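Please find the sequence and the predicted model below.
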Amino acid sequence: MKKIAFFCIPAHGHTNPMLPVAAELVRRGNAVRFYSFDEFGEKIKAAGAEFISCDSFLPELTKREEAGLKKVSTTEMTIQDIRTTIGMNDFLENEFRSFQPYAESFSEHYAFVGPSVFSKMLPEKEKERPLIYISMGTVINDRPDFYTKCIDALKDLNADVVISCGNAVDREKLGKLPENVQVYAYVDQLAVLAKADVFITHCGMNSVSESLYMAAPMVLYPQTGEQQAVARRAAEIGAVGAAAFIENAPH
């Protein structure tokens, strides 16, 4: 039996792809410790790993700093990531005297095996009418203007629309919803994508991977530099089928 540690930043799109790996390692008889944050504790425990809470190391944010994170300030996001890492340094040093033994012995060759998806679902597109799924992810999703425009554009379409907008958006601001539109704070994304005919996405790596897995064509609407890179690469390799790439989002 090996002892294995996982670390991850507090974001669903980063944590979710790690859970199937952790679960498989547990299934093989290894002891897995997953260092993360309380929001993800139940998911981690469900994967069979030991959950170690790191919430006490998250810095308290001023209103200005919090606004910077929600307004796609990559500088502010980086600053807070650094603050969190520094805060955890002494704690992790006590947990591990050396992070990676014999690091110098690793070769320059790595095997990239693609995304790990924690689901036994398969695409199932048969239904009465098309389904459009819209999500800006779980971090930078305070975009009531964007959701309102989508609702207005799709309200008369002979299709069902599901919007996942997170907790940052006051759903009352979206007004009275048309009969064909449903808005949720969170959904089971894989279950929705399995049936979706198109996915309007912020292009987080996890969302793009899950969309490809569930054969859901994408409209690419990146919000950050990282997401633009993911979107651009997805378009370059033709992995998005007939999807559109909104190059200059969110301006």
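Right, received. Where do you want to start? Residues are numbered from 1 along each chain as shown.

Just give the number of residues close to the closest residue to Gly204 other than its chain neighbours.
Spatially, and ignoring its direct neighbours in sequence, Gly204 is nearest to Gly13 (4.0 Å; Cβ to Cβ, 6 or more residues apart in numbering). All C-beta spots, glycine's among them, are computed from the backbone N, C-alpha and C. Neighbour count of Gly13, defined by other Cβ atoms under 10 Å: 20.

Packing partners of the helix or strand containing Gly13?
For Gly13, the element it lies in under DSSP states H and E is helix 12-15. Contacting helix 12-15 under the criterion 3 or more Cβ pairs under 8 Å, 6 or more residues apart in numbering; DSSP states H and E are the following elements: helix 205-213.

starting at the chain centroid, how far to the helix it packs on?
Mean-position distance between helix 205-213 and its chain equals 9 Å (Cα atoms, centre = their mean, to the nearest Å).

Please export the C-alpha coordinates of it as PDB.
The C-alpha trace of helix 205-213 is given here as PDB (Å, rounded to 0.1, in the frame of the first residue of the first chain):
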ATOM      1  CA  MET A 205     -10.700  22.800 -18.900                       C
ATOM      2  CA  ASN A 206     -13.000  20.600 -16.900                       C
ATOM      3  CA  SER A 207     -16.200  21.800 -18.700                       C
ATOM      4  CA  VAL A 208     -14.600  21.400 -22.200                       C
ATOM      5  CA  SER A 209     -13.400  17.900 -21.300                       C
ATOM      6  CA  GLU A 210     -16.800  16.900 -20.000                       C
ATOM      7  CA  SER A 211     -18.600  18.400 -23.100                       C
ATOM      8  CA  LEU A 212     -16.300  16.400 -25.400                       C
ATOM      9  CA  TYR A 213     -16.900  13.300 -23.400                       C
END
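
Could you give the average pLDDT over that helix?
Across helix 205-213, pLDDT averages out at 89.

Which positions in that helix come out as buried?
By 16 or more other Cβ atoms under 10 Å, the buried positions in helix 205-213 come out as Met205, Asn206, Ser207, Val208, Ser209, Glu210, Ser211, Leu212, Tyr213.

does the fifth one really touch Gln189, like I thought?
No: contact between Ser209 and Gln189 fails when scored by Cβ atoms under 8 Å: they sit 10.9 Å apart.

can you give me the helices in the stretch 51-200 of the chain?
Ranges of helices in the stretch 51-200 of the chain, per DSSP state H, counting those that start in this stretch, are 63-70, 74-95, 144-154, 189-195.

For burial, what's the neighbour tally of Lys173?
Residues within reach of Lys173, counting by other Cβ under 10 Å, total 10.

my guess is it contacts Asp142, does it?
No: because the distance of 10.7 Å does not satisfy Cβ under 8 Å, Lys173 is recorded as not touching Asp142.

For those two, list the residues in contact with both.
Counting by Cβ atoms under 8 Å, 6 or more residues apart in numbering, Lys173 and Asp142 have no shared contacts at all.

if we can go back for a sec, any chance of CSV for the buried residues of helix 205-213, columns distance to Asp156?
Compiled in CSV, the buried residues of helix 205-213 are given as follows (distance: Cβ to Cβ, whole Å):
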residue, distance to Asp156
Met205, 34
Asn206, 32
Ser207, 27
Val208, 29
Ser209, 32
Glu210, 29
Ser211, 25
Leu212, 30
Tyr213, 31
